[in-house]
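**Student:** Provided below are the primary sequence and the corresponding predicted coordinates.
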Amino acid sequence: RKEVEQDPGPFNVPEGATVAFNCTYSNSASQSFFWYRQDCRKEPKLLMSVYSSGNEDGRFTAQLNRASQYISLLIRDSKLSDSATYLCVALSGSARQLTFGSGTQLTVLP
Amino acid sequence: DGGITQSPKYLFRKEGQNVTLSCEQNLNHDAMYWYRQDPGQGLRLIYYSQIVNDFQKGDIAEGYSVSREKKESFPLTVTSAQKNPTAFYLCASTGIVTYTEAFFGQGTRLTVV
């Protein structure tokens, strides 16, 4: 079983749609979680850190459920520019090991 | 400006050659990482280092070597033992405080010719 698993996708949604990505992690020692966005042939860039209480940044909402070892990302009112691959990332505290999910590809259609 | 720099951006290697990819950061980060990404695939961990003069193998370390002689630098050598080295290589760094996100270099695209 992979340490961090994501919805395989791809997700093809119309502009204005709401889309949700899910991610589960298996290492209970993981302390910090992030969502990254990666455009084609580019490096990943931080979209959001994920806090236990959940957090929102404009159209993006991230949630963390430690009991279920589950992370989610919700994108509201999708834009064409949201088309990218979204990566779920877990950081284990003591080992400082970053583990990435395999990514979910999103295409927002006009 | 603080950041993490990888060089070169594109690299061509003949079969049987060793090549070294550079990664330098001026963020004062303790931890540094090397990942490999193949087309349409996720990131796979090659090596990581939490502190100077110490590093650990990741999931796909065979055919690669690293050093961490300085906090700022974490070069990756792709040796001739790596059977399929053509890929996109990403270096990242992170601090030691909880919730500190990882910063990435722009990547090196290595092609074996």
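**Tutor:** All right, it came through fine.
**Student:** Between its first and last residues, how far does stretch B:60-73 reach?
**Tutor:** Using C-alpha to C-alpha, to the nearest Å, the end-to-end distance of stretch B:60-73 comes out at 21 Å.
**Student:** Name the residues that touch it?
**Tutor:** Identification of contacts with stretch B:60-73 by C-beta atoms under 8 Å, 6 or more residues apart in numbering or on different chains yields B:22-26, B:28-30, B:32, B:34, B:36, B:44-47, B:49, B:51-55, B:74-79, B:81-83, B:85. Backbone N, C-alpha and C define where each C-beta goes, glycine included.
**Student:** Are any of those buried, and if so which?
**Tutor:** The neighbour count (16 or more other C-beta atoms under 10 Å in any protein chain shown) marks B:23-25, B:29-30, B:32, B:34, B:36, B:44-47, B:49, B:55, B:74-76, B:78, B:82, B:85 as buried among these.
**Student:** show me which of these neighbour chain A.
**Tutor:** B:30, B:45 (C-beta under 8 Å from any C-beta of the partner chain).
**Student:** Let's see which of the buried ones among the contacts of stretch B:60-73 end up in strands.
**Tutor:** B:23-25, B:32, B:34, B:36, B:44-47, B:49, B:55, B:76, B:78 (DSSP state E).
**Student:** Mind telling me which residue of chain B is nearest chain A?
**Tutor:** B:G42 (3.5 Å; C-beta to the nearest C-beta).
**Student:** Show the backbone phi and psi for that residue.
**Tutor:** When read as degrees, to the nearest 10, the backbone of B:G42 gives phi -80, psi -170.
**Student:** can I assume it is in contact with A:V89?
**Tutor:** No - B:G42 is beyond contact range of A:V89, at 10.4 Å (criterion: C-beta atoms under 8 Å).
**Student:** shared neighbours of the two, which are they?
**Tutor:** A:100-101.
**Student:** Mind checking which of the two has more residues around it?
**Tutor:** Ranked by neighbour count (other C-beta atoms under 10 Å in any protein chain shown), B:G42 and A:V89 place A:V89 first, with 26 against 18.
**Student:** Spell out which residues of chain A are next to chain B.
**Tutor:** By C-beta under 8 Å from any C-beta, the residues of chain A that approach chain B are A:31-32, A:34, A:41-46, A:49, A:51, A:87, A:89, A:91, A:93, A:95-103.
**Student:** Report pLDDT for the residue of chain B closest to chain A.
**Tutor:** With respect to pLDDT, B:G42 has a value of 87.
**Student:** Need the pLDDT of the nearest residue to it once chain neighbours are set aside.
**Tutor:** Nearest residue to B:G42, sequence neighbours excluded (C-beta to C-beta, 6 or more residues apart in numbering or on different chains): A:S102, at 3.5 Å. Residue-level confidence at A:S102 comes out at 90, pLDDT.
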